[in-house]
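*Asks:* Need coordinates for the following:
(chains A and B)
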Protein chains: 2
Amino acid sequence: MSKTVPVGVSARHIHLTQEHIEALFGEGYQLTEFKPLSQPGQFAANETVAVIGSKGQFDKVRILGPARKASQVEISRTDSFAIGVKAPVRESGNIEGTPGVKVKGPKGEIELEQGVIVAARHIHFHTSDAEKWGIADQQMLKVRVGGDRGVVFENVIARVSDSFALDMHIDTDEGNAAGVNTGDNAEIIE
Amino acid sequence: MSKTVPVGVSARHIHLTQEHIEALFGEGYQLTEFKPLSQPGQFAANETVAVIGSKGQFDKVRILGPARKASQVEISRTDSFAIGVKAPVRESGNIEGTPGVKVKGPKGEIELEQGVIVAARHIHFHTSDAEKWGIADQQMLKVRVGGDRGVVFENVIARVSDSFALDMHIDTDEGNAAGVNTGDNAEIIE
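*Replies:* Okay, here's the model as predicted:
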């Protein structure tokens, strides 16, 4: 049985706590939705911030909502060299011991003490997809993507939940290395 | 028999004709060597130029010498989005129909009519390496690189010559997607 999964290529982005949103945009500020993301309830916000490292900065980094319990910046390894922040490859939420960065909004700036990561590639499975294909939460998969520039990604983390929609998340380095765009298909091969 | 190859991660760079070198740096100008490259006779020059696209520019793009018969700009797919030049994946030297770009040096600027590519990943084999491993010129290989972020690159082009030294060339997107650096090893698996 062919195990085909849509690909989403994530550009650099930031998740913020409500406290940090207010520090950057003003007291009581609420994010506004630009467009929904593939995972139910998640959205790209209209709001952007500047992310400032020791060697450079990105001026318009998209905030993804809703507000989270911990702020987190997700950049590519290419980005990490460009701004001079040595972000490790981590699963989302696992930010202990990761580097911080300065973040600037229209009404203020904050110094994150930690939270800059290169997101580990992963696939979101709804529980029903995972059961159908015999895949367990946190299982490591091999996944093929792309055409002439095709690559097989090893160690793709399976994340299974009733609140997830089937989608493979890779970053821009991974998408560009494979020559794929959001909406292309991936094939789980092992 | 294990087929291990050193990896070289190529950052964006440019090859220029002697005519273009003189248009950018002045009449009679000769490139000067900054450091040798893995392929015999090839070198990174001290000289850099600006490469200017419709959406952005790179200010210090390294020239690789010696002068060539045709000028060629090699960028990553990430770079191509950043400066707004739709560079196709091509083998070095195969630039027919590729987009051009503006190039600026200290003494002048030129408008390349074509020559901007995303270099197709490839391995240089000395003829003796290729014979030992039974690999033919232009053969397509599958090659594994990386640790936790490991990937298998498909369609890696074998290039065989008595004038080559064994080395796998990938670009920064590919190196970063796999979490590898110049000097790491790759394994030919098929």
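*Asks:* Break chain A into its domains for me.
*Replies:* Partitioning chain A according to automatic domain parsing yields domains covering residues A:11-119, A:121-188.
*Asks:* now these as JSON lines including distance to residue A:2?
*Replies:* The C-beta positions use only the backbone N, C-alpha and C, and glycine is treated the same way. As requested, the domains of chain A are arranged in JSON lines below (distance: least, C-beta to C-beta, whole Å):
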{"stretch": "domain A:11-119", "distance to residue A:2": "20"}
{"stretch": "domain A:121-188", "distance to residue A:2": "7"}
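*Asks:* Turn those domains into JSON lines, columns for mean neighbour count.
*Replies:* Shown next, in JSON lines, are these (neighbours: other C-beta atoms under 10 Å in any protein chain shown):
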{"stretch": "domain A:11-119", "mean neighbour count": "18"}
{"stretch": "domain A:121-188", "mean neighbour count": "19"}
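*Asks:* Now tabulate those in TSV and tack on distance to chain B and mean pLDDT.
*Replies:* Below are the domains of chain A laid out as TSV (distance: least, C-beta to the nearest C-beta, whole Å; pLDDT from 0 to 100):
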stretch	distance to chain B	mean pLDDT
domain A:11-119	4	97
domain A:121-188	4	97
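*Asks:* for those domains, which one sits closest to residue B:117?
*Replies:* With C-beta to C-beta, the closest approach to residue B:117 among the domains of chain A belongs to domain A:121-188: 12.8 Å.
*Asks:* name the helices or strands packed onto the helix or strand where residue A:176 lies?
*Replies:* Under DSSP states H and E, the secondary-structure element containing residue A:176 is helix A:172-178. Helix A:172-178 is packed against strand A:4-10, helix A:77-83, strand A:151-161, helix B:77-83, helix B:172-178, with contacts defined by 3 or more C-beta pairs under 8 Å, 6 or more residues apart in numbering or on different chains; DSSP states H and E.
*Asks:* Dump these to TSV, plus distance to residue B:147.
*Replies:* Rendered in TSV, the data for the helices and strands packed on helix A:172-178 read as follows (distance: least, C-beta to C-beta, whole Å):
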stretch	distance to residue B:147
strand A:4-10	22
helix A:77-83	13
strand A:151-161	9
helix B:77-83	22
helix B:172-178	9
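*Asks:* for these, which one sits closest to residue B:43?
*Replies:* Nearest of those (C-beta to C-beta): helix B:172-178, 19.8 Å.
*Asks:* chain center to that closest one: distance?
*Replies:* The chain centroid and the centroid of helix B:172-178 are separated by 14 Å under C-alpha atoms, centre = their mean, to the nearest Å.
*Asks:* what phi and what psi does the backbone show at the closest residue to residue A:171 other than its chain neighbours?
*Replies:* Beyond its immediate neighbours in the sequence, the residue positioned closest to residue A:171 (C-beta to C-beta, 6 or more residues apart in numbering or on different chains) is residue A:76, lying 4.6 Å away. The phi/psi pair for residue A:76 (degrees, to the nearest 10) reads phi -80, psi 170.
*Asks:* Now for residue A:76: which residues touch it?
*Replies:* With contact set as C-beta atoms under 8 Å, 6 or more residues apart in numbering or on different chains, residue A:76 has these partners: A:12, A:118, A:171, A:172, A:173, B:78, B:176.
*Asks:* try it again with 6 Å
*Replies:* For residue A:76, the contacting residues are A:171, A:172, A:173, taking C-beta atoms under 6 Å, 6 or more residues apart in numbering or on different chains as the criterion.
*Asks:* which of those residues lies closest to residue A:6?
*Replies:* For the contacts of residue A:76, the closest approach to residue A:6 (C-beta to C-beta) belongs to residue A:171, at 15.9 Å.
*Asks:* SS state for the closest residue to residue A:153 other than its chain neighbours?
*Replies:* Leaving aside its sequence neighbours, residue A:153 sits nearest to residue A:143 (C-beta to C-beta, 6+ apart; 5.0 Å). Assigned with DSSP: H, G, I helix; E, B strand; the rest coil, residue A:143 falls in the strand class.
*Asks:* try residue A:170
*Replies:* strand.
*Asks:* wait, doesn't it sit right on residue A:121?
*Replies:* Yes: counting by C-beta atoms under 6 Å, residue A:170 does reach residue A:121; the two are 4.8 Å apart.
*Asks:* picking up where we left off before, closest to residue B:184 out of the domains of chain A?
*Replies:* Nearest to residue B:184 among the domains of chain A is domain A:11-119 (13.6 Å), distances taken as C-beta to C-beta.
*Asks:* chain center to that closest one, what's the gap?
*Replies:* Using C-alpha atoms, centre = their mean, the mean C-alpha position of domain A:11-119 is found 10 Å from that of the whole chain.
*Asks:* hang on, isn't residue A:127 packed against residue A:162?
*Replies:* Yes: Residue A:127 sits in contact with residue A:162 when judged by C-beta under 6 Å, with a separation of 5.0 Å.
*Asks:* overlap in contacts of those two?
*Replies:* By C-beta under 6 Å, 6+ apart, residue A:127 and residue A:162 have no common neighbours.
*Asks:* Once you drop chain neighbours, what's closest to residue A:187?
*Replies:* Sequence neighbours aside, residue A:144 is the residue nearest to residue A:187 in space, at 4.8 Å (criterion: C-beta to C-beta, 6+ apart).
*Asks:* Name every strand pairing with the helix or strand hosting residue A:62 and say which way it goes.
*Replies:* Following DSSP H and E, the helix or strand that holds residue A:62 is strand A:57-65. Strand pairing for strand A:57-65, using DSSP bridges, gives strand A:13-15 (parallel), strand A:43-52 (antiparallel).
*Asks:* what's the following helix or strand past the shortest one in contact with?
*Replies:* Spelled out, it's strand A:13-15. Counting by DSSP H and E, the next helix or strand C-terminal to strand A:13-15 is helix A:18-25. Under the criterion C-beta under 6 Å, 6+ apart, residues A:29, A:49, A:67, A:71, A:105, A:107, A:108, A:110 lie in contact with helix A:18-25.
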